[in-house]
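[1] how does the following fold in three dimensions:
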Amino acid sequence: MKTTAPWDIVTQPGPVLVAAIHAGHTIRRSLRPWLEIGESDRLREEDPLTDFFLAAGDTIIRANRSRFEFDLNRPPETAVTTDPGETWGLRIWNPDMPEREKELSLTLYQQFYDRIAEQVEEMISAHGRILVLDVHSYNHRRKGRDAEPDDPQRSPDIDLGATTLNKDIYGELLGKFGDTLRSHPMGNRSLEVGTNIRWENGGHFPEWLHAKYGDAACVITLEYKKVFMDEWGHSADILALQDLREGFLAAVSEARDWLSAHPAPGPASSEVGASA
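    Got it, this is the predicted structure:
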């Protein structure tokens, strides 16, 4: 049986990159004997169906492997770990997992970042400024399917992570993006859209992009509360997903208009590395 490719990258002309780096679930064959977490528990900690939003991008990126094979939103020091203390107390890997397997995972991790650097630099060279949308999801019923969900004041339907975003440049874009998401209901209710509510940062991926490319790459992390699925099972509400995607598509369209109206000053490469 052919092994699933670690990721898929599809490129088209345009300034918008959409990524679903935690969408994958597969584990390479050589690692499976060392896996200790159950299938359902592992799926609950991944971000299934976030790839449903990728169609909005010009360049689209889907990670096909589980975040536990190599976590693309962590620094290399913790991207592959057998320490439950770094995985919310969950025992993912047998601590006797061979070092060669960890090294292979880290090699794939580095190959991903090298490939993304090539792509982002091409996009910035062509467009001056680009928008990177990093799509994730989060659990809000950690105490169980039938227990009370997390505090809704701390759990918006969509949380926009904008901790690396320069608001002097991109504040208007961020505001329009959030307003458009709010204007597209899911079913019969409006969506609660917050900014930087759940996490203090968006993780390693947006921080790496900002450190390397500065204000030439506007990065927004989207954390969708798992209201579109049963986070304790294997079912999803396809109509809710379609509503969420419609809102996302509309928000991306608004962002494209903003980017067209606000080109980067000077040569396209002038902002690359501005904050490195």
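[2] and the contacts of the helix or strand of the chain with the lowest mean pLDDT?
    Least confident helix or strand, the chain: helix 39-45 with a mean of 94, by mean pLDDT, DSSP states H and E. Here helix 39-45 makes contact (Cβ atoms under 8 Å, 6 or more residues apart in numbering) with 25, 35, 66-68, 87-88, 90, 92, 139, 231-234. Glycine gets a C-beta too; all of them are placed from N, C-alpha and C.
[3] can I get the next helix or strand after it as PDB, trimmed to CA atoms?
    Later in the chain than helix 39-45, the nearest helix or strand by DSSP states H and E is strand 59-63. C-alpha atoms of strand 59-63 as PDB (Å, rounded to 0.1, in the frame of the first residue of the first chain):
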ATOM      1  CA  THR A  59      -1.900  28.600  -3.000                       C
ATOM      2  CA  ILE A  60      -3.300  25.900  -0.800                       C
ATOM      3  CA  ILE A  61      -1.500  23.600   1.700                       C
ATOM      4  CA  ARG A  62      -2.800  20.500   3.300                       C
ATOM      5  CA  ALA A  63      -0.800  18.500   5.800                       C
END
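[4] for strand 59-63, packing partners?
    Counting by 3 or more Cβ pairs under 8 Å, 6 or more residues apart in numbering; DSSP states H and E, the packing neighbours recorded for strand 59-63 are strand 7-10, strand 16-20, helix 99-127.
[5] in TSV, list those along with mean pLDDT.
    Formatted as TSV, the helices and strands packed on strand 59-63 follow (pLDDT from 0 to 100):
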stretch	mean pLDDT
strand 7-10	98
strand 16-20	98
helix 99-127	98
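[6] which among those is found nearest to residue 151?
    Closest to residue 151 of these is strand 16-20 (Cβ to Cβ; 26.7 Å).
[7] partner strands of that closest one, with direction?
    According to DSSP bridges, strand 16-20 forms sheet pairs with strand 59-63 (parallel), strand 130-138 (parallel).
[8] what average pLDDT does stretch 194-201 get?
    Average pLDDT, stretch 194-201: 88.
[9] tell me the buried residues in that stretch?
    Residues of stretch 194-201 classed as buried: 194, 195, 197, 198 (neighbour count, 16 or more other Cβ atoms under 10 Å).
[10] can you tell me the closest non-neighbouring residue to the last one?
    Looking back up the chat, that one is residue 198. residue 159 (4.8 Å; Cβ to Cβ, 6 or more residues apart in numbering).
[11] doesn't the one you found belong to a strand?
    Yes. Using DSSP: H, G, I helix; E, B strand; the rest coil, the assignment for residue 159 is a strand.
[12] could you check the pLDDT of it?
    Looking at residue 159, its pLDDT stands at 97.
[13] as TSV, the strands paired with strand 16-20 with mean pLDDT would be great.
    As requested, these are exported to TSV (pLDDT from 0 to 100):
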stretch	mean pLDDT
strand 59-63	98
strand 130-138	98
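[14] and of these, who's closest to residue 50?
    Among the strands paired with strand 16-20, the nearest to residue 50 by Cβ to Cβ is strand 130-138 (4.6 Å).
[15] still on that earlier bit, just the buried members of the contacts of helix 39-45?
    Applying 16+ other Cβ under 10 Å to these, the neighbour count classes 25, 35, 66, 67, 68, 87, 92, 231, 232 as buried.
[16] show me the shaky parts of this structure.
    1-2, 266-276 (pLDDT under 70).
[17] if you set the cut-off to 50 instead, what comes out?
    Applying pLDDT under 50 to the chain flags residues 268-270, 274-276.
[18] burial count for residue 109?
    Here the count is done by other Cβ atoms under 10 Å, and residue 109 has 20 residues near it.
[19] show me what contacts the nearest residue to it once chain neighbours are set aside?
    Nearest-residue entry for residue 109: residue 70, 4.3 Å, with adjacent residues in sequence omitted and distances by Cβ to Cβ, 6+ apart. Taking Cβ under 8 Å, 6+ apart, we find residue 70 in contact with 79, 80, 105, 106, 108, 109, 112.
[20] how about the fifth one, what does it touch?
    Contact analysis of residue 108 by Cβ under 8 Å, 6+ apart lists 6, 65, 69, 70.
[21] list just the nearest of those to residue 221.
    Once Cβ to Cβ is applied, the member of the contacts of residue 108 that ends up nearest residue 221 is residue 70, at 18.8 Å.
[22] before we move on, the earlier item: tell me which two in the buried residues of stretch 194-201 are the farthest apart.
    Using Cβ to Cβ, the pair of the buried residues of stretch 194-201 lying farthest apart is 195 and 198, separated by 10.2 Å.
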